[in-house]
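In: show me the folded form of this:
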Amino acid sequence: MIDNMFLVSTDVESIGHLTKSFFEKRKDLFERFNNEWTYKLFNPDNLTESYLRVTAIKFGKVLLIQGSIRKWYYGDISLNDFTKDDFEYAIRRLLSLLEIPFSRAKYIHCARIEIGMNVRIGVPCSEMLNMITGFRNNCYKWTYRCNSKKYETGVMSLNIYNKIEEISKNFPLIKTLDEEQFLKETKDKNILRLEFTVKGGKSKVEKRLGFNTLSETIKNFNQLFLFFDANLKDLELNEKYKDLPKYNGASGRDATTFLKLRGICSMGEDEYQRLLSEVDRRTRKTIKDLMNSWQANHISYGKVAFWKDVRRDIILAMLRSGCLKLRHQLSTSA
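Out: Predicted coordinates:
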């Protein structure tokens, strides 16, 4: 559920010992990054290459911790999401490495936090991304990259992407046994990552979530399932753009039909509606008949199936985290 975080502390009582000598004496844990105050903190409990970036500004005055605590804890090629217990354990482990008492977690604030989930869907992620046509309102600027979409404002964003591709895209030609095993286990799976980022500093995080300290985040961890669910319902889906037509090469007439459909489906909803408004009545009917015929024959996985998959995986995650009693508060439904 929780992934990337940006943590800030100015609690001198608990961070005053983070001097240059503190880091220099622990070179087995900390590796100098790009300036004299910043170090990479690897997880000594596993062999992951993921690290947290630890910055002790003026050594002991301000502490910044940035990075994916999920990858730091579970590893680079893990699909695991945090349960409440695992998240608390990861935070306890992180603070112990920094020699900060867990009781001082109430003085560490979240300036940015990612809240996301992997959802197993019944179609390739690229097809599902074509079905997603918007989020909430026009305030959210959107960007599209291969196998990902992002909707963003200054205080919150929603990132949607192919999780398996995100993990495997940097695998080398000669892979490790773990990498080979990951590809084998995920070969026939379609896993869409849906990830909200609440940002803008501790006050804006608190306004969105109702809390912003690390101790409160642990205490209210299970409420994040409801936050995820409540915001995800504003995702806009349109089934006509689920998957782009594919040419079967049967005849010249099929090729003409394919090119027409491909062009229409590549437009997106706004351009499609504009096209319909600009053509005459007969042409408009021809276009709609073409689209309706294709949808009837090709669309088997739509909005209802997607929301069922989302709800199933939210409930399973809540079960693993021991908060299934909250499921009646979910708004996401088929």
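
In: can you tell me which residues contact Gly16?
Out: Gly60 (CB atoms under 8 Å, 6 or more residues apart in numbering). Placement of C-beta: from N, CA and C, glycine included.

In: please report the distance of it from Tyr39.
Out: Distance, Gly16 to Tyr39, using CB to CB, to the nearest Å: 17 Å.

In: and Ile108, by the same measure?
Out: Taken as CB to CB, the span from Ile108 to Tyr39 is 17 Å.

In: next: Asn238.
Out: Taking CB to CB, one finds Asn238 at 47 Å from Tyr39.

In: quick one, which of the two is more surrounded?
Out: Neighbour count, other CB atoms under 10 Å: between Asn238 and Tyr39, Tyr39 has more, with 25 against 16.

In: in what helix or strand does Trp72 lie?
Out: helix 69-74 (DSSP states H and E).

In: right, and the helix or strand after that helix?
Out: Next element after helix 69-74 (DSSP H and E): helix 84-97.

In: flag every buried residue along that following helix.
Out: 84, 86-88, 90-91, 94-95, 97 (16 or more other CB atoms under 10 Å).

In: again with stretch 179-190
Out: Applying a neighbour-count criterion of 16+ other CB under 10 Å, one finds 179, 182, 186, 190 buried in stretch 179-190.

In: then that stretch to CSV, C-alphas only?
Out: Presented in CSV, the C-alpha positions along stretch 179-190 are these (Å, rounded to 0.1, in the frame of the first residue of the first chain):
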residue,chain,number,x,y,z
GLU,A,179,15.3,-12.4,-12.5
GLU,A,180,14.7,-15.5,-14.5
GLN,A,181,12.3,-16.8,-11.8
PHE,A,182,10.4,-13.5,-11.8
LEU,A,183,9.9,-13.6,-15.6
LYS,A,184,8.8,-17.2,-15.4
GLU,A,185,6.3,-16.6,-12.6
THR,A,186,4.8,-13.5,-14.3
LYS,A,187,4.8,-14.7,-17.9
ASP,A,188,1.1,-14.9,-18.3
LYS,A,189,0.1,-12.3,-15.7
ASN,A,190,-1.3,-8.8,-16.3
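
In: so which elements touch the longest strand seen in the chain?
Out: Looking across the chain with DSSP state E, the single longest strand is strand 108-120. For strand 108-120, the contact count by 3 or more CB pairs under 8 Å, 6 or more residues apart in numbering; DSSP states H and E identifies strand 2-9, strand 62-68, strand 191-198, helix 202-209, helix 214-219, helix 223-232, helix 303-320 as packing neighbours.

In: and the ones you listed: which comes nearest Ile164?
Out: Taking CB to CB, strand 191-198 is the member of the helices and strands packed on strand 108-120 nearest to Ile164, at 5.4 Å.

In: could you find the closest non-adjacent residue to Ala305?
Out: Gly122 (5.8 Å; CB to CB, 6 or more residues apart in numbering).

In: so what's the one you found up against?
Out: Per CB under 8 Å, 6+ apart, neighbours of Gly122: 190, 301, 305, 309.

In: at 7 Å instead, please
Out: By CB atoms under 7 Å, 6 or more residues apart in numbering, Gly122 lies in contact with 301, 305, 309.

In: domains in this protein, by residue range?
Out: 2-237, 244-298 (automatic domain parsing).
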